[in-house]
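[1] Return atomic coordinates for the entry below.
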Amino acid sequence: MNTPRSIKRDCVIAGGGPAGMVLGYLLARAGLQVTVLEKHADFLRDFRGDTIHPSTLTLLRELGLLERFLDLPLTRITTMDAVFDGERFTIADFGTLPAPDNFLVFAPQWDFLNFLAAEASALPGFELRMSTRADEVLHDGGRVAGVRAADPDGALEIHAPLTVAADGRGSTLRNDAGLYPTGSGVPIDVLWFHLPKPRDPLPPTLGYVSGKGLVLTLDRGSYYQSGMIIRKDSFESIKAEGLAAFRARIGAAASHLAVPAESLVDWDQIKLLSVKINRLETWHRPGFIAIGDAAHAMSPMFGVGVNYAIQDAVALANAVAPGLARSEVRDDTLAAVQKRREVPVRKMQRIQRLGHRAIARRPGRRSFVPRPAKWVLRAFAPRIHRAAARFIGIGFRPEHPQIF
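    Purely as a prediction, here's the structure:
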């Protein structure tokens, strides 16, 4: 057996998603030697979180990156609207947030990640290894001391004082470190698919809700990244009814999408997202920490998963950069990061669970949303615009870079 190649870095990060790329950028900008491992050859995977929230825009502005990011093809919105039984409501008005970052952006995640990769690659300490799979952690006594990985050239060992699992809700590295999430039951799944925009599109609308279904529409310029909320584990029964019945479901929930739905001609165009809400009881081991979905899987509700993963990365970079400059990471520092980030995560997950219960009521009534709830929306929507914009767009504990 060939001896694995071996390199040494200040930090090795498994996962080239938003959390891993932001963390890698921040640590490299602080003058550290950091490697990000991404198992795929590129970032072109669809049906990932496309939402860039105002707090992330503020982060990019603070780093001097925002103007270049906004030059990319993307969609800006200032309100988050939904249609309930044919009646439009504004759920969140981001225009009420402090300027200038008082809007939300929809951008394909691969564009965002390629942008971060290009900016980070200009930093001398940053290294991104594509097509490189992190398989297991390395140990030095009782501490995690890096990762054993594989790339097209074979086995590779990367030794580092800090190893970070940012490799998603199915994290291999987290599990190899002996950390396993516990979750609460989630009554829904989401089917994702693309729909061409109708000839005369309606104003930007997050979703259409009625007793006939709940359809999401995220604007990607020439088409919608669309979704349908379904009951947990019901995809096989939906497939058994046939594509024609599925297209009819879309048209029944949002009549203006009936014609675009005719573009769905194969089940391969429709991807299942098995919705999970979970988190680790402990996020860290000596020399190791999990962040983002690896530490806490979020529901797609409100599209906050990317935002919370990025906030984890900022908090971690702020905490560990000074120690890593001396090649050390204290266990109590990692524990403090978990304590800081666990509070907003718990709050948002609690709200998401409540939302799931509301939308998973048995259909058959005239409205998917109870009629009293619509009266509440009519009466209080103007008053909740600001609060909803803040908790969706900024979150419960926004983080700011402090290491430059």
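
[2] Distance across stretch 113-131, terminal residue to terminal residue?
    Its start and end residues considered, stretch 113-131 measures 15 Å (CA to CA, to the nearest Å).

[3] I'd say I392 and I77 touch.
    No. Contact criterion CB atoms under 8 Å: I392 and I77 do not qualify, at 11.8 Å. C-beta: built from backbone N, CA, C; applies to glycine.

[4] who's L216 bridged to?
    Taking DSSP bridges, one obtains G207, G227 as the residues bridged to L216.

[5] And it, how far from M228?
    7 Å (CB to CB, to the nearest Å).

[6] hey, what's in contact with both of those two?
    Here L216 and M228 share the contacting residues V190, scored by CB atoms under 8 Å, 6 or more residues apart in numbering.

[7] what about the strands in the stretch 251-400 of the chain?
    Assigned by DSSP state E, counting those that start in this stretch, the stretch 251-400 of the chain shows strands spanning 271-273, 277-279, 284-285, 288-290, 296-297.

[8] Let me see the mean pLDDT of the last one.
    The reference is to strand 296-297. Per-region confidence: strand 296-297 scores 94 on mean pLDDT.

[9] Remind me what it packs against, helices and strands.
    Where contact means 3 or more CB pairs under 8 Å, 6 or more residues apart in numbering; DSSP states H and E, strand 296-297 is packed against strand 277-279, helix 331-359.

[10] now with 7 Å?
    The contact analysis (3 or more CB pairs under 7 Å, 6 or more residues apart in numbering; DSSP states H and E) places strand 296-297 against strand 277-279.

[11] got the buried residues for the strand it packs on?
    Within strand 277-279, the residues scored as buried using 16 or more other CB atoms under 10 Å are 277-279.

[12] Point out where the stretch 1-150 of the chain drops to low pLDDT.
    Along the stretch 1-150 of the chain, the parts satisfying pLDDT under 70 run over 1-2, 46-49.

[13] mind listing the helices in it by residue range?
    Ranges of helices in the stretch 1-150 of the chain, per DSSP state H, counting those that start in this stretch, are 18-29, 54-62, 66-70, 109-121.

[14] Just send the ones you listed back as JSON lines, with distance to A336 and mean neighbour count too.
    Output for the helices of the stretch 1-150 of the chain, formatted as JSON lines (distance: least, CB to CB, whole Å; neighbours: other CB atoms under 10 Å):
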{"stretch": "helix 18-29", "distance to A336": "16", "mean neighbour count": "28"}
{"stretch": "helix 54-62", "distance to A336": "20", "mean neighbour count": "22"}
{"stretch": "helix 66-70", "distance to A336": "29", "mean neighbour count": "15"}
{"stretch": "helix 109-121", "distance to A336": "26", "mean neighbour count": "19"}
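
[15] Rebuild these as TSV, extending it with distance to D140.
    Formatted as TSV, those follow (distance: least, CB to CB, whole Å):
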stretch	distance to D140
helix 18-29	21
helix 54-62	34
helix 66-70	39
helix 109-121	28
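
[16] quick one: which of these is nearest A315?
    Evaluated over these, closeness to A315 peaks at helix 18-29, with 9.8 Å, by CB to CB.

[17] Apart from its chain neighbours, what residue comes closest to M130?
    Nearest non-adjacent residue to M130, counting by CB to CB, 6 or more residues apart in numbering: E38, 5.1 Å away.

[18] right, and the one you found touches E127 too?
    No. E38 is beyond contact range of E127, at 11.3 Å (criterion: CB atoms under 7 Å).

[19] These two - which one has more neighbours?
    Taking neighbours as other CB atoms under 10 Å, E38 and E127 compare with E38 leading, 24 against 19.

[20] on that earlier part again, if you compare the strands of the stretch 251-400 of the chain, which one is most tucked away?
    Scoring the strands of the stretch 251-400 of the chain by mean neighbour count under mean count of other CB atoms under 10 Å gives strand 288-290 as the most buried, with a mean of 29.

[21] That one: partners in the sheet, and parallel or antiparallel?
    Assessed with DSSP bridges, strand 288-290 is paired to strand 162-165 (parallel), strand 284-285 (antiparallel).

[22] what's the offset of that strand from the middle of its chain?
    With CA atoms, centre = their mean, to the nearest Å as the basis, strand 288-290 stands 18 Å off its chain's centre.

[23] How about stretch 90-98?
    Per CA atoms, centre = their mean, the centroid offset for stretch 90-98 relative to its chain is 21 Å.

[24] Only the buried residues of it, if you could.
    Within stretch 90-98, the residues that qualify as buried are 90-94, 96-97, counting by 16+ other CB under 10 Å.

[25] Out of those residues, which comes closest to D151?
    Nearest to D151 among these, counting by CB to CB, is F94 at 41.5 Å.

[26] Quick check: that closest one vs T56, distance?
    Taken as CB to CB, the span from F94 to T56 is 13 Å.

[27] hang on, G221 packs against L72?
    No. Using CB under 7 Å, G221 is not in contact with L72, being 11.2 Å away.
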